[in-house]
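S.K.: here is the input, now give the coordinates:
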Amino acid sequence: PRPEMAAAAAFDGLSREALMQKVVELQQGLAELSVKVDTVKGENNQLRDDNTVLKDYLNNLMAKVGKLSNLGTTAPSRVMIQHNPDGAQSVRVSDHIGELTAPAMDD
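M.R.: As a prediction, this is how the structure comes out:
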């Protein structure tokens, strides 16, 4: 038997009041599912926006790193790290993501 026939058979023999109650229950279930779908869509959109922000942040960071001269040829001194105005700084990306900080340099 087809699924709709099996579903229809499940309602056979129910009183009018019972059928009406079933309809109300199914409508409530549908409304709850619709709310969940809308919530997930909103979360998905927020994550897409956050991914775009992170992608831009990483692209900008990589562009900045690409401009650094002699990158990786010598270990940075502690003095340079501490007094470098371009050193690690926290950047507030968004309320959802929080702050990003460049990794600290260890000796």
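S.K.: what's the longest helix in this protein?
M.R.: The longest helix of the chain (DSSP state H) is helix 16-67.
S.K.: helix, strand or coil for residue 9?
M.R.: At residue 9 the chain is in helix, as set by DSSP: H, G, I helix; E, B strand; the rest coil.
S.K.: tally of neighbours for it?
M.R.: A count of nearby residues for residue 9, using other C-beta atoms under 10 Å, gives 10. Where C-beta positions appear, they are placed from N, C-alpha and C, glycine not excepted.
S.K.: again, but for residue 52
M.R.: By other C-beta under 10 Å, neighbour count at residue 52 equals 10.
S.K.: equivalent analysis for residue 3, please.
M.R.: Other residues near residue 3 come to 7 when the count uses other C-beta under 10 Å.
S.K.: tell me the confidence at residue 19?
M.R.: Here, the pLDDT recorded for residue 19 equals 92.
S.K.: dump the residue contacts of it.
M.R.: Residues near residue 19 by C-beta atoms under 8 Å, 6 or more residues apart in numbering: residue 11.
S.K.: gap between it and residue 58?
M.R.: Relative to residue 58, residue 19 is positioned 58 Å away (C-beta to C-beta, to the nearest Å).
S.K.: and residue 12, backbone torsions?
M.R.: Main-chain torsions, residue 12, degrees, to the nearest 10: phi -60, psi 140.
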